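Visitor: coordinates only, sequence not included:
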């Protein structure tokens, strides 16, 4: 028995050691060095880069707002741009107790755009890993290059689109782990007439500004909020009066996944482990990028989104991240959500500003 016990102990020690080897990473915003990109596009690309690194589950990524607070408070800087020099990056890493800092830049040389990323070891004050690549200036190519660089930085292979069909959710299965909201009096009015369905496979009935999913017994807002942090998104839904109802709320992550169409991994009952009963740090450790995402802009919805075409009204940008109210435990306040342009299920800092589609 002793040899078996020794093997078990050694195995557990190896697992613990592997977890302890994870480095804490602070990601700076992408710097524009003459590329002429809009601040909005750079901010979105930076958030996408950060989200991909979180999903890769290789680093412990410091949330964006924590880095920004350190830039302003600890380093006495007013903007991200003031902390692009090497000395500030090292000081910033120390202030955040980070092991590494990732800095990125985009520049234009001739007709091509070049992106360069550097991973700096704070203790040694040297670049330990880097990546560089060119693209044609389009947003899709920029996004694809970011994905390749993340794969290179994390030592993972670029994602491939899965070929398995999407799974259907069991209508009788009740969602677990939902957060109870305070009861308030319901206001119900006659709904608008049912619209004619655009195709026989649609799972929703549209009635004016709401979409009814009878299989899952959920009613959704067809539109959405503007960019809001999670607290304001919660207030937005609680104050919403739409379709004759006033009992709207932010969806749980399992409810939000019922909107995913065309991505077998993150559709209901897909291989992605994140559900209402699996949202904590332990669950996040199980997440593999290939299991919780699909190929970008290859879904059946408008502009390749992974939702039902013809159902949802969307007037945001290309990177359509929507909140859930499912929180993840840990040193930072984060919540799960879905980036529908990629079908990605991932976490973001609750102080970030994203969209919410309310449910009841």
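Guide: Now that the structure is in, tell me what you want to look at. In this text, all values refer to a predicted model and were calculated from it rather than measured experimentally. Numbers count the residues shown, from 1 in each chain.

Visitor: Residue 61 and residue 153, how far apart?
Guide: Distance, residue 61 to residue 153, using CB to CB, to the nearest Å: 12 Å. (C-beta placed from N, C-alpha, C; glycine too.)

Visitor: So which residues make contact with the strand or helix carrying residue 106?
Guide: Assigned by DSSP states H and E, residue 106 belongs to strand 100-109. Contact partners of strand 100-109, identified using CB atoms under 8 Å, 6 or more residues apart in numbering, comprise 23-37, 42, 46, 49, 53, 59, 84, 89-90, 92-93, 113-122, 128, 137, 142, 153.

Visitor: now, which of the residues you listed lie within strands?
Guide: Counted as lying in strands by DSSP state E, out of the contacts of strand 100-109, are 24-33, 113-121, 128.

Visitor: what about burial for those residues, which qualify?
Guide: Among the ones in strands among the contacts of strand 100-109, those classed as buried by 16 or more other CB atoms under 10 Å are 24-32, 113-121.

Visitor: just the strands in the stretch 151-300 of the chain please.
Guide: With DSSP state E, counting those that start in this stretch as the criterion, the stretch 151-300 of the chain has strands at 205-207, 210-213, 218-221.

Visitor: Check which helices and strands the first one is in contact with.
Guide: Here strand 205-207 is seen to pack against strand 210-213 when contacts are counted using 3 or more CB pairs under 8 Å, 6 or more residues apart in numbering; DSSP states H and E.

Visitor: Over to the last one?
Guide: Using 3+ CB pairs under 8 Å, 6+ apart as the contact criterion, the elements in contact with strand 218-221 are strand 210-213.

Visitor: roughly how far is the strand it packs on from the heart of the chain?
Guide: With CA atoms, centre = their mean, to the nearest Å as the basis, strand 210-213 stands 24 Å off its chain's centre.

Visitor: Stretch 333-353 now?
Guide: For stretch 333-353, the distance to the chain centre is 3 Å (CA atoms, centre = their mean).

Visitor: what does stretch 106-125 give?
Guide: That offset, for stretch 106-125, works out to 23 Å (CA atoms, centre = their mean).

Visitor: Then stretch 285-296?
Guide: Worked out by CA atoms, centre = their mean, stretch 285-296 lies 11 Å from the chain centre.

Visitor: what's near enough to touch the closest residue to residue 309 other than its chain neighbours?
Guide: Spatial nearest neighbour of residue 309, excluding adjacent residues (CB to CB, 6 or more residues apart in numbering): residue 301 at 4.8 Å. Shown in contact with residue 301 (CB under 8 Å, 6+ apart): 261, 262, 307, 308, 309, 312, 340.

Visitor: and the residues you listed as JSON lines, adding secondary structure, pLDDT and distance to residue 222?
Guide: Putting these into JSON lines (DSSP: H, G, I helix; E, B strand; the rest coil; pLDDT from 0 to 100; distance: CB to CB, whole Å) gives the following:
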{"residue": "261", "secondary structure": "coil", "pLDDT": "94", "distance to residue 222": "15"}
{"residue": "262", "secondary structure": "coil", "pLDDT": "94", "distance to residue 222": "19"}
{"residue": "307", "secondary structure": "coil", "pLDDT": "93", "distance to residue 222": "11"}
{"residue": "308", "secondary structure": "coil", "pLDDT": "91", "distance to residue 222": "11"}
{"residue": "309", "secondary structure": "coil", "pLDDT": "90", "distance to residue 222": "13"}
{"residue": "312", "secondary structure": "coil", "pLDDT": "93", "distance to residue 222": "6"}
{"residue": "340", "secondary structure": "coil", "pLDDT": "93", "distance to residue 222": "14"}
